[in-house]
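Chemist: need a structure here:
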Amino acid sequence: MPPSLPSLPSLLLRLVMLLLLLLSQTEARSFVVDRQHDRFLLDGVPFRYVSGSLHYFRVPRVLWADRLLKMRLSGLNAVQFYVPWNYHEPEPGVYNFNGSRDLVAFLNEAARANLLVILRPGPYICAEWEMGGLPSWLLRKPNIRLRTSDPAFLAAVDSWFNVLLPKIYPFLYHNGGNIISVQVENEYGSYRACDFKYMRHLAGLFRALLGDKILLFTTDGPQGLKCGSLQGLYTTIDFGPADNITKIFSLLRNYEPHGPLVNSEYYTGWLDYWGQNHSTRSSLDIAQGLEKILQLGASVNMYMFHGGTNFGYWNGADKKGRFLPITTSYDYDAPISEAGDLTPKFFALRNVISKFQEIPLGPLPPPSPKIKLGPLTMNPDGNLLSFLDFLCPHGPIRSVLPLTFEAVKQDHGFMLYRTYLTFTVFEPTPFWVPNNGIHDRAYVMVDGVFKGVLERNLKQELYLTGKVGAKLDILLENMGRLSFGSNHSDFKGLLETPLLGQTLLTEWTMFPLKIDKLIRWWFPLQLVKRAQPQVFSVPAFYSTTFSVLGKLGDTFLHLSGWTKGQVWINGFNLGRYWTKRGPQQTLYVPRHLLLNRSINKVTLLELENMPREPTIQFLDKPILNSTLHLGYTYFLSETQSSYEPMELSGH
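Modeler: Below is the predicted model of the structure:
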């Protein structure tokens, strides 16, 4: 006889029991602070995280899995990362979570690598990222007070978090995901606004959208705890290997008397500025410092474990006595290099971690294959001025006085300012912009002929002549908005009206330039060059094509002899080069950007001076530490004009 089938009530009872079991398992998932024993508890069991920072927005999506796997194989059990607001909301109410911006895909990739997540969603992140992650469109309200309880700022923050935080809610650990804690703001004590009303607003917003079970925390350097910490948020600190660990953790105890000690940013390296040397940190010092932290039973996050790249226009800047734009490479001297290779520092840290917790079994991946190509000759495509119709398809904007980038909704890149001389200038006459009004770098041309450069914070002298009616063009470059510690909105462009001698120059025409669109659409179509003869002068476009006949590999574009500009490969914006200032001499080219056995195209926008032999080549090793020219010798600011090392202030 066939077996009897269970009755309907019996089936329902089994389903209910199964649901209750699943619910109880979900309920059992918890990450909490055990203040009585100064530790974390994960699912009721004592737990300490050893984490590393990686920024998904600095790593192409196809490489996420590789980088996360290597982090896990080092012995890390968590990954910490920021969410840059400006990367996901390019215009108010317009959101982008596609491709390399797919935050949910990155969370899933971290779960596949068996890594817990410490999330830092901002709204401000620093991270040496353009405007610290805040969208530049906030500055379209010129009087807005960023990172305060200014209603205009809070309204934008509330709108953004009402989109972002519901996306991460299902990934909270107690909901079955891998996010164990979430940071509120970032190093707020370094901002000097000290607006507790703002911090309380953020804390309330996070609680309303994420619930009461998730651990919310703050991070500050030792000097920032007073204004950065807030009752109800768990206080953590950041410091590097050179600091007195015991002393700093004792300071933390003044704000968090009980609970686990946490260093949320233990610095494995440091960032680079154009014109300074490449930053490095000793593997031995980093490893010894980590061991001391772990011996104290503290949890730690290493910043950075893999740095990545500031592709495009995404680098930020610092203001420490002068304006300091950050390089395209964000290698950071991290344990995993910019190209994803394991460094001696990786193995030194892995050895320390193995003394405190299990290291995953299995072979470590070898370095990625690298290729060399070239030299390749670059061919001139024409100067920038000859392409204005294509670079500014919607036409220019006219104003009596020059307008900022923000006023004309130009977020990144370049804008051309044009006026005409209303009088003849026979003798060389100083051209200048008062009150340090150039943000950030101006390339000056008269009747299409390049005359020189004016730069933010530098006392440079530029003398011009010209006939009445001569065309004066100023190409303004945004070198990255301030990302750390400044209370000032960093507007870009001509912030003051230029003068020729003592004559105020008025009646300006402004061209917001869409260079990336031109590169993507014009170069594939091979637009017919104009037949009439032109005066060829920088700024100018150069390009060449090449094929990779063998196996594809990562490579490093070397621009020896070129001065400064922007570079694209197959329409992808690799970032800025500044060969003449350094220290970075090569740009990282991930292999997925190259086409195998097909035509690849390199395009340069050279802004200042092309080499006698306009060639490029691809190397199989990076050159990140070669400062060829120190240009900061004559400052508008009297403070910090020498090349002392930057203090570790936390990022």
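Chemist: residue 546 against residue 602, yeah?
Modeler: Yes - assessed by CB atoms under 8 Å, residue 546 is found in contact with residue 602 at 7.3 Å. The C-beta positions use only the backbone N, C-alpha and C, and glycine is treated the same way.
Chemist: intersection of neighbour lists for the two?
Modeler: For the pair residue 546 and residue 602, residues contacting each of them under the criterion CB atoms under 8 Å, 6 or more residues apart in numbering are residue 376.
Chemist: out of these two, which sits in the busier spot?
Modeler: The residue with more neighbours, out of residue 546 and residue 602, is residue 602; 22 against 16, by other CB atoms under 10 Å.
Chemist: partner residues bridging the more buried one?
Modeler: Here residue 602 sits in beta bridges with residue 544, residue 569, as judged by DSSP bridges.
Chemist: which ones are touching it?
Modeler: When contacts are counted by CB under 8 Å, 6+ apart, residue 602 touches 376, 378, 543, 544, 545, 546, 557, 567, 568, 569, 616.
Chemist: check what pLDDT it gets.
Modeler: For residue 602, the pLDDT comes out at 97.
Chemist: then the one 5 residues further on?
Modeler: Model confidence at residue 607, expressed as pLDDT, equals 98.
Chemist: kindly report the same for residue 458.
Modeler: At residue 458, the pLDDT value in this model is 89.
Chemist: tell me the buried residues in stretch 295-313?
Modeler: Judged by neighbour count using 16 or more other CB atoms under 10 Å, the buried positions of stretch 295-313 are 298-313.
Chemist: narrow those to those in strands?
Modeler: Filtering the buried residues of stretch 295-313 for membership in strands, criterion DSSP state E, returns 299, 300, 301, 302, 303, 304, 305, 306.
Chemist: for the second one, give its distance to residue 52.
Modeler: Distance, residue 300 to residue 52, using CB to CB, to the nearest Å: 9 Å.
Chemist: follow-up on the earlier one: looking at the contacts of residue 602, which is nearest residue 224?
Modeler: Residue 224 has its nearest neighbour among the contacts of residue 602 in residue 567, at 37.3 Å by CB to CB.
Chemist: now the ones in strands among the buried residues of stretch 295-313 in TSV, with distance to residue 93 and pLDDT?
Modeler: Rendered in TSV, the data for those read as follows (distance: CB to CB, whole Å; pLDDT from 0 to 100):
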residue	distance to residue 93	pLDDT
299	38	98
300	39	98
301	33	98
302	37	98
303	32	98
304	32	98
305	35	98
306	33	98
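Chemist: just put the residues you listed in CSV and tack on distance to residue 586.
Modeler: Compiled in CSV, those are given as follows (distance: CB to CB, whole Å):
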residue, distance to residue 586
299, 36
300, 32
301, 29
302, 25
303, 24
304, 19
305, 22
306, 18
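Chemist: closest one of the residues you listed to residue 334?
Modeler: residue 304 (4.5 Å).
Chemist: wait, that closest one touches residue 337, no?
Modeler: No - using CB under 8 Å as the test, residue 304 is too far from residue 337 to be in contact (10.9 Å).
Chemist: next one, pLDDT for residue 630 please.
Modeler: In this prediction, residue 630 carries a pLDDT score of 48.
Chemist: check the one 4 residues further on too.
Modeler: At residue 634, the predicted lDDT confidence score is 38.
Chemist: of the ones in strands among the buried residues of stretch 295-313, just say which sits nearest to residue 278.
Modeler: Each of those was scored against residue 278 by CB to CB, and residue 304 proved nearest at 14.6 Å.
Chemist: how close does that closest one get to residue 618?
Modeler: Using CB to CB, residue 304 is found at 25 Å from residue 618.
Chemist: and for residue 130?
Modeler: Using CB to CB, residue 130 is found at 27 Å from residue 618.
Chemist: again, but for residue 570
Modeler: Here residue 570 is placed at a distance of 14 Å from residue 618 (CB to CB).
Chemist: give me the more crowded residue out of the two.
Modeler: When residue 570 and residue 618 are compared for neighbours, residue 618 comes out ahead with 25 against 17, by other CB under 10 Å.
Chemist: show me the strands in the stretch 501-650 of the chain, by range?
Modeler: For the stretch 501-650 of the chain, the strands defined by DSSP state E, counting those that start in this stretch occupy 503-504, 508-512, 540-546, 555-558, 565-569, 572-577, 586-589, 600-606, 615-619.
Chemist: possible to save those strands as TSV with distance to residue 405?
Modeler: As requested, these are exported to TSV (distance: least, CB to CB, whole Å):
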stretch	distance to residue 405
strand 503-504	21
strand 508-512	8
strand 540-546	22
strand 555-558	28
strand 565-569	16
strand 572-577	17
strand 586-589	24
strand 600-606	17
strand 615-619	30
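Chemist: closest one to residue 45 among those?
Modeler: Nearest of these to residue 45, taken as CB to CB: strand 586-589 at 40.9 Å.
Chemist: counting by contacts, list what that closest one packs against.
Modeler: Contact here means 3 or more CB pairs under 8 Å, 6 or more residues apart in numbering; DSSP states H and E; on that basis strand 586-589 packs against strand 555-558, strand 572-577.
Chemist: adjacent strands (with direction) for that strand?
Modeler: Listed by DSSP bridges, the sheet partners of strand 586-589 and their directions read strand 555-558 (antiparallel).
Chemist: in the partner strand, what's buried?
Modeler: Residues of strand 555-558 classed as buried: 555, 556, 557, 558 (neighbour count, 16+ other CB under 10 Å).
Chemist: just the closest of those to residue 411, please.
Modeler: For the buried residues of strand 555-558, with residue 411 as the reference and CB to CB as the criterion, the closest is residue 557, at 25.3 Å.
Chemist: following the lowest-mean-pLDDT helix or strand in the chain, which helix or strand shows up next?
Modeler: Sorted by mean pLDDT, DSSP states H and E, the helices and strands of the chain end with helix 8-28, the least confident at a mean of 59. Sequence-wise, the next helix or strand downstream of helix 8-28 (DSSP states H and E) is strand 31-34.
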